[in-house]
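[1] compute the structure for the input listed below.
(2 chains)
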Amino acid sequence: MALDIKTNALDQRRQTFAHIARRLGEDRPASRYEEATFDLQPGGAHHYRPTWDPAHELYDASRTGIVLADWYVLKDPRQFYYGTYTIARARMMEAAEKALSFVEKRNGFAAIAPEWQDTIRFYLLPLRHVEWGANMNACSITDLGFGAAITQATMFTATDRLGIAQIIGRIGLIAGGGQALDEGKRVWMDAPEWQPMRRLVEDSLVISDWFEMFVAQFLALDGLLYPLVYDLFDLAGQAHGASSLSMMTEFMVDWRDEVTRWIDAVLRATARESDANRDHLGRWFAHWEQRAAEALAPLATRVLGEAGIDALAGLRGELAKRAAGLGIPVGQ
Amino acid sequence: MTQNVSITLQNTDEGRGIIAAIMADNPDAVANRYPAMTKIDCPGRLVMNRETISTELGRDYDLQELNLTLVCLSGNVDEDDDRLLIAWNA
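    Below you'll find the model as predicted:
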């Protein structure tokens, strides 16, 4: 008997949610990122203004000088929603755990030249507190920001920064136990090289415009701090046998490369929209990049010696080029 | 007449990203949508670029992952790390 198999195509009535279809301009299957992001921000009729800020609505786009016709242009090129974010980070964390336990088991930190061990404890461990500041700033942006596209990504970043602070803490435990962490805190509070940075972090916590905070933290400070510490300091450490440290800080290097794509996409979309936005970004960047460079100079000198100032100048040049490439007016 | 090459992919979240990348890179390609899968026909040759797929999916894509989404293809395959080319060897 011949068997004739026929398919019967049943078309579903809708491919996605109506509000997503309106955004896409057609009813086609949306990606999970799109469905987990577009128009999630509550808005519209709230009867009462918040008592803590009667000048604004509870969810108000005008808490920043930046104006966007549509806040969902700030899409995340990594397409992170809860599922993809946690999977990506779990993978990175697994590798970091492996590296940490490898170095601990093989006693890799002891193989580093003793004077460089001191240097590492001096420059790396206080960064826990810088990362905590970044966590607070990312939380603030999430709190006051507008549009799920940006606030969902900043919330993930807030968690990342806490995670990085914890990894630095773990490195501290390997590099000298709880005592090393106490000493790191003392250095953060008292060492003259760290005071400009501590002041910068504290000042950044109280920036009132959340988009300015975004530029100050993610572009200006991180844009100089990460390449200085995790590239240049790390490279200098190789001459002192510090390869085990590179293994332990690999998470930060990978994370920086990934998160830079998101930060650049956000800033590019913002700068593209209007001259007024570009003015804001340029002004904020000029101010905070200068502050960040001043805060990092004593650390660069302490770790890299006289070459530190030139190295920092080189990084500033690269960062300015990156900012200009994003459409931010630089050096005016 | 140039003969078509084709590739058929599952209609999954990932599959849709790959299909979008293929359609962007091959202006002559035609996507035929069926329940649960999409068959893409293209006269002569069809190229898939890792870069475009990575951008569509928002993550680094390894072309060998294609096997997780692939239903079938017709044509001779020429593959390296950055692109996969389907064409008929003349």
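[2] quick one: least confident helix or strand in chain B?
    Least confident helix or strand, chain B: strand B:30-34 with a mean of 92, by mean pLDDT, DSSP states H and E.
[3] please enumerate residues in contact with that one?
    By C-beta atoms under 8 Å, 6 or more residues apart in numbering or on different chains, the surrounding residues in contact with strand B:30-34 are A:Thr7, A:Ala9, B:Asn11, B:Ile19, B:Met23, B:Thr38, B:Lys39, B:Ile40, B:Asp41, B:Cys42. (C-beta placed from N, C-alpha, C; glycine too.)
[4] check which helix or strand covers the second one.
    When you say that, I think you mean A:Ala9. Under DSSP states H and E, no helix or strand contains A:Ala9.
[5] need phi/psi at it.
    phi -80, psi 120 (degrees, to the nearest 10).
[6] filter the contacts of strand B:30-34 down to the ones in helices?
    Here DSSP state H is the test, and these give B:Ile19, B:Met23 as lying in helices.
[7] any idea how far chain B is from A:Arg28?
    In this view, A:Arg28 and chain B are 9 Å apart by C-beta to the nearest C-beta, to the nearest Å.
[8] tell me the SS of that residue?
    coil (DSSP: H, G, I helix; E, B strand; the rest coil).
[9] contacting residues around the spatially closest residue to it that is not a sequence neighbour?
    Distance criterion C-beta to C-beta, 6 or more residues apart in numbering or on different chains; nearest residue to A:Arg28, sequence neighbours excluded, is A:Gln15 at 5.3 Å. A:Gln15 is in contact with A:Ala21, A:Asp27, A:Arg28, A:Pro29, A:Ala30, counting by C-beta under 8 Å, 6+ apart.
[10] would you reformat those residues as a markdown table and include distance to A:Ala149, pLDDT and neighbour count?
    Shown next, in a markdown table, are the contacts of A:Gln15 (distance: C-beta to C-beta, whole Å; pLDDT from 0 to 100; neighbours: other C-beta atoms under 10 Å in any protein chain shown):
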| residue | distance to A:Ala149 | pLDDT | neighbour count |
| --- | --- | --- | --- |
| A:Ala21 | 18 | 94 | 15 |
| A:Asp27 | 21 | 89 | 16 |
| A:Arg28 | 20 | 87 | 12 |
| A:Pro29 | 20 | 88 | 18 |
| A:Ala30 | 14 | 91 | 20 |
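[11] CSV please, covering those and showing distance to B:Leu84.
    Formatted as CSV, those follow (distance: C-beta to C-beta, whole Å):
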residue, distance to B:Leu84
A:Ala21, 32
A:Asp27, 31
A:Arg28, 25
A:Pro29, 24
A:Ala30, 26
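[12] relative to chain B, which of those is nearest.
    Closest approach to chain B among these (C-beta to the nearest C-beta): A:Pro29, at 5.8 Å.
[13] isn't the closest one right up against A:Thr16?
    Yes: counting by C-beta atoms under 8 Å, A:Pro29 touches A:Thr16, with 6.1 Å between them.
[14] now the strands for chain B?
    Here chain B has its strands, by DSSP state E, at B:4-10, B:30-34, B:37-43, B:45-49, B:70-74, B:76-79, B:83-87.
[15] these: which one's closest to A:Glu183?
    Closest to A:Glu183 of the strands of chain B is strand B:45-49 (C-beta to C-beta; 51.2 Å).
[16] what does that closest one contact?
    Contact partners of strand B:45-49, identified using C-beta under 8 Å, 6+ apart, comprise B:5-7, B:18, B:21-22, B:25-26, B:29, B:40, B:63, B:66, B:75, B:82-87.
[17] report the buried members of these.
    Among the contacts of strand B:45-49, those classed as buried by 16 or more other C-beta atoms under 10 Å in any protein chain shown are B:5-7, B:18, B:21-22, B:25-26, B:29, B:40, B:63, B:66, B:75, B:83-87.
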